[in-house]
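Asks: Here is my input, please return the structure:
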Amino acid sequence: ITSIPSVETYNNIVKKKYKKVFLKKRYESFPLPKTKVINLSLDKLNKSSISKESLEIVNEYLDNNEQVLFFVNRRGYAPVSICTNCGIKRKCNYCDANLVYHKESNILICHQCGKKQPLEGECTECNSNKFILVGTGIEKVFEEVKKTFKSARIIKLSSDDMDRENFSETLYQIENNKVDIIIGTQIISKGFDFGHLRSVIIIDFDAWLNNADIRTNEKVFQLTQQVAGRAGRREERGEVFIQTYHPKHALLNDIIKNNRDLFYEKELKIRRNSLLPPFSKLLLITVSSESSKLALDKANAIKYLFYNLKELKVLGPIPAQIFIINKKYRFKLLVKSMNPLTIQNYLVSKRFSFKEGSKVKVKLDIDPYNLY
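Replies: The predicted structure follows:
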């Protein structure tokens, strides 16, 4: 199985439904990377997204002719553009989502529907044309690194600027130590074996935690473990540095100690107390329409179908985390069941009630990976 399984898979290991095969050491017995925390609270005067401590670390590795990876899990330059007059965030005209500024193309892009808007424009609330860019994306980190390490060979890897041909060429340059600093998103987080890469610096760790998803801790733990696995894959031990304003966060403690079993045990306890998977079966129902009233009416009608069923618990309907996507309003219902077959059997018996009209769409997702 994977070295970073889902909580559900780990529970099946505990219950001996799955057999656990444990690798006690890395290939060729190379040492596992050491993870350290960089406390951003001690660097308050620094306006850069990269701490002074991180810059010193990079210099040390570059002096030894070793590669460094800056890991940034956000595309674009800045995830938020705010009106300086009234404080309103610039949002997509089609979605209830912030527009992300991409500096290389000098345009605002919605990462939900893909629609684009020019950076120049007026605030929809006060007609001001003055905005500030807030937050950190990969383009911003790339810009800062180029200004700081002028003589270094630097490349950027994200889904926005990679095709098969130049991706292969970039990997060749990294593997043959023709690159000093790599700045990448999830596209570089797993599956690659770079012999000269000794250090990984995670830039936007705190942003990962800002999520209402029930699997947030699991996803953060998995992603951190995956990207850490890129460091020190030869004789010299690698190092992973996590920039954060929350150095005492409980999840960070498990990550630093690389204590996977303890993390999964604590996460299972939380899931058990909250009746979340793997201790329940979930059905996520998403109702969408160009009419908010039609969508809500349909969602309430679906909820009514589950009344008087003691074995099923229905939560909602509530507006989705991203309420509007592509001009369609979205409402969510979450159905819980202790019996894994109860939901499926009930859906089969009520299939006629979920017929979609031309104006309303209904999406059913059993065991959803996320709830947005």
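Asks: only C-alpha atoms for contact and neighbour calcs from this point on.
Replies: Noted.
Asks: Low-confidence regions, the stretch 201-350 of the chain specifically.
Replies: In the predicted model of the stretch 201-350 of the chain, residues 212, 232-235, 350 satisfy pLDDT under 70.
Asks: for it, what spans make up the helices?
Replies: 205-209, 216-228, 250-257, 260-274, 292-304, 342-349 (DSSP state H, counting those that start in this stretch).
Asks: So for residue 61, which of those helices sits nearest?
Replies: Nearest to residue 61 among the helices of the stretch 201-350 of the chain is helix 216-228; the distance by C-alpha to C-alpha comes to 16.3 Å.
Asks: May I see the buried residues of stretch 178-185?
Replies: 179, 180, 181, 182, 183, 184, 185 (16 or more other C-alpha atoms under 10 Å).
Asks: Let me know the closest of those to residue 358.
Replies: residue 185 (38.8 Å).
Asks: ok, the closest one - contacts?
Replies: 71, 72, 73, 74, 75, 138, 157, 158 (C-alpha atoms under 8 Å, 6 or more residues apart in numbering).
Asks: closest to residue 216 among these?
Replies: When the contacts of residue 185 are compared against residue 216 (criterion: C-alpha to C-alpha), the nearest one is residue 73, at 14.3 Å.
Asks: Isn't the closest one up against residue 204?
Replies: Yes: counting by C-alpha atoms under 8 Å, residue 73 touches residue 204, with 6.9 Å between them.
Asks: what is in contact with the two at once?
Replies: What both residue 73 and residue 204 touch, as defined by C-alpha under 8 Å, 6+ apart, is an empty set.
Asks: who's in contact with stretch 107-117?
Replies: Contacts of stretch 107-117 (C-alpha under 8 Å, 6+ apart): 92, 94-95, 97-102, 118-119, 325-326.
Asks: what's the model's confidence in that stretch, averaged?
Replies: What stretch 107-117 shows for mean pLDDT is 92.
Asks: Packing partners of the helix or strand containing residue 198?
Replies: For residue 198, the element it lies in under DSSP states H and E is strand 197-202. In terms of contacts (3 or more C-alpha pairs under 8 Å, 6 or more residues apart in numbering; DSSP states H and E), strand 197-202 is packed against helix 52-63, strand 67-71, strand 239-244.
Asks: returning to what we had before: now, which of the contacts of residue 185 lie within strands?
Replies: In strands, judged by DSSP state E, the following of the contacts of residue 185 are found: 71, 157.
Asks: For the lengthiest strand in the chain, buried residues please.
Replies: The residue-count maximum for a strand in the chain (DSSP E) belongs to strand 312-325. Neighbour counts over strand 312-325 (16+ other C-alpha under 10 Å) mark 312, 314, 317, 319, 320, 321, 323, 324, 325 as buried.
Asks: partner strands of it, parallel or antiparallel?
Replies: strand 328-337 (antiparallel) (DSSP bridges).
Asks: who touches residue 43 in this structure?
Replies: Taking C-alpha under 8 Å, 6+ apart, one finds 51, 52 in contact with residue 43.
Asks: now residue 104
Replies: With C-alpha under 8 Å, 6+ apart, residue 104 has these contacts: residue 139.
Asks: Having no further points to raise, I will conclude here.
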